[in-house]
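Novice: here's a sequence, model it:
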Amino acid sequence: MTGESVVAGSFVAADYVVFALMLAVSAAVGVYYAWADRGQKSSRDFLMGGRRLTFLPVSLSLTASFMSAITVLSNPAEVYRYGAIIGFYGLSYALTVVITSEVFLPLFYRLTITSTYEYLELRFNRATRLLGTLLYVVQTILYTGIVIYTPALALNQVTGMNLWGAIISTGVVCTFYCTMGGLKAVVWTDVFQVGVMLAGFLSVVIRSVVLQGGILPIISDSQQGGRINFWDFDLNPLRRHTFWTTTVGGTFVWVSIYGINQAQVQRYISCKDITNARLSLYLNLLGLCSILLCSVFAGMCLYSIYKTCDPWTAGLVSAPDQLMPYLVMDILGDYPGLPGLFVAAAFSGSLSTVSSSISALAAVTVEDLIKPYTNMSEKHLSWISKGLSLVYGVLCIGMAGLASLMGGILQAVTSIFGIVGGPLLGMFTLGILCPFANSKGALSGLISGLVISLWVSIGAQIYPPPLEMTRPLSLTTEGCNFTAPDSLNWTTSDLPTQPTFISSSPVQNTGTKPLLTDSWYSLSYLYFSPIGTMTVIGVGLIVSLLTGGCDLRVESRLTLMKEDTTFYQLFKFFNDRVKKRTGQLDLTKNKEEKCGNTNPAFCDVELQLTKSINPK
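Specialist: All right, here's what the predicted structure looks like:
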């Protein structure tokens, strides 16, 4: 299908102005921080913002970099095809923030590290650090190229916007402000871009509500179409989306991003103190839930408007990711500037994700691959950090060009991004929570976890799960009242009123038996990350125990301590308050002053009876 055959409308001057304005503001932030911080002397100032950031901008930056353009386009399409059960991601976000705040944040903040992979060398050895860094660099460059290319392609085919013009302009602007302004520029452009994303969603939602006569008709249509399918508590791990897969599997996926991914960790450990860091995580939770709510409701609006005439089944769009841009051009095309606002929202998602990736890639390269092997001054390292930002920006744009040639394996590469995160999460968890885990256990666990995760995910691509496990909902064209041009590609012209299912698997594999069983490869994709994490922990513990891990003595600062947790601090606070009010006798009080650091039970207490006797 050609791009021209699916254009529901086309951009006008006002739309290009809005899009260009978003790029100009982003670039201006980079120029401002390049000027404001022109005196910075070290790479840490550039990569960590001097560790002087506060919770509000960091929280919005965490939200923006987490929500890519793929989220802006794919979440509504997911609700349109499979229902609103992904709303349970909100629970997994909450669990993720609590786990990150209590387990990973205190450790990374206490160690004052720039790269999360520094921890692996401190806890295990240099080999684990290098392997973790290389895995992160490769998967981030691959993923970032896809994040740039995929939304650009969808928007090009629906709005008629120039594909490579959009890719190169966003890539150049993003690289520019990352190279000029460092982490501060990335954080403050993210603050601006999260506002643009919300504005783009709200423009679509408000117009849809007006067209459909209110919120209740949209909810009613979604209910009748089976899109409001929250109450699915099936324990079957083979089902694609249930309450358990989205909350349990989703939590593992998001913890691997928030807990250990350099792009996220780099933000909250750049806060000026640990209280600001924790607040940034919890405030970010509000942002995540707001964008999730907007995207889920946008998907319900999409279904309500096209419930009797599905553009995908009718061949008006060639992929589900094009449904949201098609809706925008359909209902907002008469309002110059608003389609541009939505496109700016989608590309804001791209910019925020790509900029955080470029900044993180520069940080891990300097800290893990350059600093340990050279004796450069901080000034030279600062210039190298800027140069690396430029190099990685160019690499990511080049990766977008390569992604355009990949075609059907885009989905596979995107899923591998999550698959690498699972084993890495397992290795960090092993080090933080298991004091007797050693380097042999960590390395063998990581390799085992990667092999198992890749095996399961590639098997799922070749032998996709059956329809009874994915359960796409019905779509129809029976209400369409147009004559299709000959150039349109009718995806299901033989059965236009039946559910439309498009599989990314090769046709020649139909009917072929996989190596093990169909069930193994039908596992929900959200469980790939838990499989990798659990494999690493299981194998790592066994190998560590067999190779003398019990005799290992690890510094307490490299593992989680009870004093790190908020729960312990709250318990201590309330316990002290209660003792103060009741006047309870505490023999351990001031023990260091009076009794040394010995057991208070053996402390000698001198009875000064002379003070109480009145001499005569």
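
Novice: tell me the first helix or strand C-terminal of the host helix or strand of Val253.
Specialist: Val253 belongs to helix 250-258 when assigned by DSSP states H and E. Next in sequence after helix 250-258, counting helices and strands by DSSP H and E, comes helix 262-268.

Novice: residue contacts, the residue nearest to the spatial centre of the chain?
Specialist: By Cα atoms, centre = their mean, the chain has its centre lying nearest to Phe66, at 4.0 Å. Neighbouring residues of Phe66 by Cβ atoms under 8 Å, 6 or more residues apart in numbering: Ile257, Tyr258, Gln264, Asn284, Leu288. Quick note: C-beta positions are derived from backbone N, CA and C, even for glycine.

Novice: could you measure from the closest residue in space to the third one that isn't next to it in sequence over to Ser357?
Specialist: Going back to what we said before, that points to Gln264. Excluding its sequence neighbours, the residue lying closest to Gln264 (Cβ to Cβ, 6 or more residues apart in numbering) is Tyr258, at 5.1 Å. From Tyr258 over to Ser357 the distance is 15 Å, taken as Cβ to Cβ, to the nearest Å.

Novice: and Arg126, by the same measure?
Specialist: 24 Å.

Novice: tell me if I am right that Ile113 is in a helix.
Specialist: No - looking at Ile113 with DSSP: H, G, I helix; E, B strand; the rest coil, it is coil, so not inside a helix.

Novice: what segments of the stretch 251-400 of the chain are helices?
Specialist: Remark: helices assigned in the stretch 251-400 of the chain by DSSP state H, counting those that start in this stretch are 262-268, 274-305, 323-332, 338-364, 378-406.

Novice: helices of the stretch 51-200 of the chain, start to end?
Specialist: Under the criterion DSSP H, counting those that start in this stretch, helices of the stretch 51-200 of the chain are mapped to 55-66, 69-82, 89-99, 105-111, 118-123, 126-159, 163-212.

Novice: just to revisit the earlier point, looking at Arg126 and Ser357, which one has more neighbours?
Specialist: Ser357 (27 against 12; other Cβ atoms under 10 Å).

Novice: go ahead and confirm the more buried one touches Val137.
Specialist: No - using Cβ atoms under 8 Å, Ser357 is not in contact with Val137, being 10.1 Å away.

Novice: tell me where the model's unsure across the stretch 151-300 of the chain.
Specialist: Along the stretch 151-300 of the chain, the model assigns pLDDT under 70 to no residue.

Novice: what stretches of the protein score poorly on pLDDT?
Specialist: Of all residues in the chain, those with pLDDT under 70 make up the ranges 1-9, 37-50, 405-418, 482-521, 582-616.

Novice: okay, now Val138: neighbour count?
Specialist: For Val138, the neighbour count with other Cβ under 10 Å is 12.

Novice: actually, Arg557.
Specialist: When counting by other Cβ under 10 Å, one arrives at 11 neighbours for Arg557.

Novice: now do the one 3 residues further on
Specialist: Taking other Cβ under 10 Å as the neighbour definition, Leu560 ends up with a count of 18.

Novice: quickly note the distance from the nearest residue to it once chain neighbours are set aside to Asp564.
Specialist: Of all residues not flanking Leu560 in the chain, Ile432 sits nearest, at 5.2 Å (Cβ to Cβ, 6+ apart). Shown here: Ile432 relative to Asp564, a distance of 10 Å by Cβ to Cβ.

Novice: what residues are up against the closest residue to Ser350 other than its chain neighbours?
Specialist: Once flanking residues are discounted, Ser350 sits nearest to Ala69: 4.2 Å by Cβ to Cβ, 6+ apart. Going by Cβ under 8 Å, 6+ apart, Ala69 touches Val147, Thr150, Pro151, Ala346, Phe347, Ser348, Gly349, Ser350, Thr353.

Novice: my read is that the last one contacts Val147, right?
Specialist: If I follow you right, that is Thr353. Yes - with contact defined as Cβ under 8 Å, Thr353 reaches Val147; the gap is 5.0 Å.

Novice: which neighbours do the two have in common?
Specialist: With Cβ under 8 Å, 6+ apart as the test, Thr353 and Val147 both reach Ser68, Ala69.

Novice: which residues touch Asp368?
Specialist: Neighbours of Asp368 in contact, by Cβ under 8 Å, 6+ apart: Ser115, Tyr117, Glu118, Arg129, Leu130, Thr133.

Novice: figure out how far stretch 224-236 is from the centre of its chain.
Specialist: 25 Å (Cα atoms, centre = their mean, to the nearest Å).
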